[in-house]
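[1] Quick one: sequence plus predicted model below, questions after.
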Amino acid sequence: MGGESATRITPGNALRPEDIALEVRTGLAKPTEDVAEYALRLGDDGLILAQRLGHWISRGPELEEDVALGNIALDQLGHARSFLTYAGGAWDKTEDELAYFRREHEFRSAAIFEQPNGDFAATIARQFIVSYYQFELYRRLTESTDATLAAIAAKAVKEVDYHRDHSAQWVLRLAGGTEESRARMIQGLKQMWPYVAELFQDDELTTRLTETGAAVAPSTLKADFDRLTGEILAEAELEVPVVPAAPGGGRHGRHSEHLGYLLAEMQVLAREYPGASW
Amino acid sequence: MEANAQRDTDSQAKDRQDADGQANFDRVIAEDSRIEPKDWMPDAYRKTLLRQISQHAHSEIIGMQPEANWISRAPSLKRKAILMAKVQDEAGHGLYLYSAAETLGQTRDKMTADLIAGKARYSSIFNYPARTWADMGAIGWLVDGAAICNQVPLCRASYGPYGRAMVRVCKEESFHQRQGFEILLELAHGTPEQKQMAQDAVNRWYAPALMMFGPPDDDSPNSKQSMAWNIKRFSNDELRSRFVGMMVEQVRVLGLTLPDSEIRFNEDTKKWEHGPLDWDEFHEVLAGRGPCNAQRLERRREAHDDGAWVREAAAAYAAKQSLKTKEYAA
Amino acid sequence: MIPTDSPTSQARPGTPVGVAPANAPEVSTGSTTERAWGLWEVFVRSSRGLSHVHAGSLHAPDAAMALRNARDLYTRRNEGVSIWVVPVDAIAASDPDAKGSFFESPQGKDYRHATYYTKSEGVKHL
């Protein structure tokens, strides 16, 4: 069978979480305490976002979109697994120990990632902000002095580039579609924009790591983010929402009320059977 | 008078076309070749296919739900990724199948409308609840296993688009069964509690999986015609027996048991036999009175309704852009 | 490990080249209660040097989204390096009823095929 099929299936050739795990196990890659903390932040961002996006699979506005959002969720989960695996190398912990057995205040994700999906427009607004931010970050991180961070970023940046495209296409369509969709898009952006500021805040950790060339100072990404999102918003005839910034604090374990529920659901089974293998 | 005469000639012409079409159709089926969308085909063939393919598509889409419910709770990140990819594949399979059905002249919108209005059927197995994580294993191993048994022969179904969709589905489905098997294997070799969880899931999904092959042959009125048309290649009981044989082997590797003390290989017929199945329950669930029917349809309806404004917006945007392009060209 | 083809910082990321601006098929502007997305046929080139081959179909509101949906649906296992999408209405097809006469001519013209020439069997490089 299959002689007439147009396509063949190959696994592809790219950095996988398993490769990182191997490097960590064999001691080829070992992050410093600072780099591990940093990787934890990026890993948590991806993990929490994947958890949110996964909810859309079987609930999308059209089946094609179930598949599209599923792909994005899988990309984010892949990045998260790589970053967490690498971070765990500093503390002798696996990705699963980090994902399932930390408490809420030990998570380092920024607040935007845990924001509820809302309607499709809110999800697109979140995607729009997140993917333009992640793209600028990963693009620069490919030049990190930390080889593993650079390698993870090199894989991630290409995927996130597509996430930008996906969100931009939908911003244009929802803004330029019907009256209802435009109103919802505006509302979605308004809902998510307060969480933009936190993404670009430097702190002691990023300052130290920027000096060694391992990390990128978040504040240096803002200009490109503003310019590029601005172009899409202008094309969609939308304005950058003028809203007060949310307080932030996610990088230091201070989260919105949403994260607790998300973690409770994510961790419930693993915690019911501590030490079990799945 | 003249109009009547005209009508007669028209109907005669149609009769002639039908006769030619039927002859061509019969020849293609006899040669075991393929019917393609624009070929003449008997109405009953078209209807049978449309019913079967759309039910199959609906099953993929509804079948996403019991597993999607566990994505958020998957107990490891690797399992979460695998499950996400699997449920996503099912959306893809539904899409391939809806496309095949569309070549028979039915729109996906209409099929979806029938589904959420409760007018269409789908595999009744998805109306059972997925209670524990082990159900992800049992669904993959037993339910996808039974589906593959059914689907591999369908790759040679006489209707071209259906066969081609099934080729693609089968390629992807083999990963589904293996990942299910792996989940059970891991649990069966885990803690006693995990092993119990796995056995319990196998116990619950075994009989519904066997019933996925459809009613016994002597109670399956449409089967004969479907086989004559080369849509179905093997009877329900034949496939079921084959499946039981495979499971008997595989369950040993798992270190679990099948909840059926009457399984045996009949040396005379060279076929695997199994204990009696509760067909009353099957018909009850099929008729909409299973444990999750209402919930599954409600969820599908909700997603469809919630998405209406999005689909509308994208269509409106496309129309505006297309108009702009035309104006620009003029 | 830094990719040499790392994407650049542009506002319109990864837009597949050659997409005409949102060219909606007629079906997508129908006046039913809800405007349906049009049906598109998808052709995938599995690797460089091979033709695009029909992979299947999908629904999309316009060409740009059709390409993206095709990418997500038909190349998620690394099956392609290039995709074409065509609105179903844009395909002209031969009439299946005219099959006999339309495809009759080549029948019996065996001399168009190399296998017709048997006398050269065994002769090298021919």
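    Looks like it arrived, so ask away. Numbers count the residues shown, from 1 in each chain, chains lettered A, B, ... in the order given.
[2] mind listing what's buried in the helix or strand of chain C with the lowest mean pLDDT?
    One helix or strand of chain C scores below all others by mean pLDDT, DSSP states H and E: helix C:99-102, with a mean of 73. In terms of neighbour count (16 or more other Cβ atoms under 10 Å in any protein chain shown), helix C:99-102 has no buried residues at all. Bear in mind the C-beta positions are built from the backbone N, C-alpha and C, glycine included.
[3] ok, and what's touching it?
    The contact list for helix C:99-102 (Cβ atoms under 8 Å, 6 or more residues apart in numbering or on different chains) reads C:94, C:95.
[4] Which positions in chain A make contact with chain C?
    Counting by Cβ under 8 Å from any Cβ of the partner chain, chain A comes close to chain C at A:5-12, A:15, A:62-64, A:67-68, A:71, A:135-136, A:139, A:142-143, A:147, A:150-151, A:154, A:157-158, A:161-162, A:164-166, A:168-169, A:173, A:224, A:227-229, A:231-232.
[5] Could you report the neighbour count for the closest residue to chain A within the stretch 101-250 of chain B?
    Going by Cβ to the nearest Cβ, chain A is nearest to residue B:155 of the stretch 101-250 of chain B, at 4.8 Å. The number of residues packed near residue B:155 is 19, by other Cβ atoms under 10 Å in any protein chain shown.
[6] do the same with residue B:291
    11.
[7] just the one 5 residues further on next, same as before
    Under the neighbour criterion other Cβ under 10 Å, residue B:296 is assigned a count of 21.
[8] C-alpha coordinates for the lowest-mean-pLDDT helix or strand in chain A, CSV please?
    Ranked by mean pLDDT, DSSP H and E, the helix or strand of chain A with the weakest confidence is helix A:17-25, at a mean of 90. Output in CSV follows, covering the C-alpha atoms of helix A:17-25 (Å, rounded to 0.1, in the frame of the first residue of the first chain):
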residue,chain,number,x,y,z
PRO,A,17,15.0,16.9,24.9
GLU,A,18,16.5,13.4,25.0
ASP,A,19,19.7,14.6,23.4
ILE,A,20,20.0,17.3,26.1
ALA,A,21,19.3,14.7,28.8
LEU,A,22,22.1,12.5,27.4
GLU,A,23,24.5,15.4,27.4
VAL,A,24,23.5,16.3,31.0
ARG,A,25,23.8,12.7,32.2
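[9] between the helix or strand just after that helix and helix A:17-25, how big is the angle?
    Toward the C-terminus, helix A:17-25 is succeeded by helix A:33-54 as the next helix or strand (DSSP states H and E). Relative orientation of helix A:33-54 and helix A:17-25, computed by axes from the mean of the first three to the mean of the last three Cα atoms, to 10 degrees: 160 degrees.
[10] Packing partners of the helix or strand following helix A:33-54?
    Scanning forward in sequence from helix A:33-54 by DSSP H and E, the next helix or strand is helix A:63-88. On a contact count with 3 or more Cβ pairs under 8 Å, 6 or more residues apart in numbering or on different chains; DSSP states H and E, helix A:63-88 meets helix A:17-25, helix A:33-54, helix A:95-100, helix A:147-176, helix B:77-102, strand C:52-60, helix C:63-74.
[11] Which positions in the stretch 101-250 of chain A make contact with chain B?
    Residues of the stretch 101-250 of chain A lying close to chain B by Cβ under 8 Å from any Cβ are A:119, A:120, A:172, A:173, A:174, A:176, A:177, A:178, A:180, A:181, A:184.
[12] Mind telling me what element the closest residue to the first one other than its chain neighbours is part of?
    So the one you mean is residue A:119. Leaving aside its sequence neighbours, residue A:119 sits nearest to residue A:184 (Cβ to Cβ, 6 or more residues apart in numbering or on different chains; 6.0 Å). For residue A:184, the element it lies in under DSSP H and E is helix A:179-192.
[13] Dump the helix or strand that that helix is followed by to CSV, restricted to CA.
    Per DSSP H and E, the first helix or strand lying C-terminal to helix A:179-192 is helix A:196-199. Extracted C-alpha coordinates of helix A:196-199, given in CSV (Å, rounded to 0.1, in the frame of the first residue of the first chain):
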residue,chain,number,x,y,z
VAL,A,196,3.8,42.7,28.2
ALA,A,197,5.9,44.8,30.5
GLU,A,198,7.0,42.0,32.7
LEU,A,199,8.6,40.1,29.7
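[14] what's in contact with helix A:196-199?
    Residues outside helix A:196-199 that contact it (Cβ under 8 Å, 6+ apart) are A:110-112, A:129, A:133, A:218, A:221, A:245-246, A:248-251.
[15] rewinding a little: could you report the separation of the residue of the stretch 101-250 of chain B closest to chain A from residue B:104?
    Plainly put, residue B:155 is 18 Å away from residue B:104 if you go by Cβ to Cβ, to the nearest Å.
[16] now residue A:97
    Residue A:97 sits 52 Å away from residue B:104, taking Cβ to Cβ as the criterion.
[17] and the two? which has more neighbours close in?
    Using other Cβ under 10 Å as the criterion, residue A:97 and residue B:104 rank with residue B:104 on top: 18 against 14.
[18] That one should be in a strand, yeah?
    No - secondary structure of residue B:104 (DSSP: H, G, I helix; E, B strand; the rest coil): coil, not part of a strand.
[19] and which of the contacts of helix A:196-199 is nearest residue B:325?
    Nearest to residue B:325, judged by Cβ to Cβ, of the contacts of helix A:196-199 is residue A:129 at 30.3 Å.
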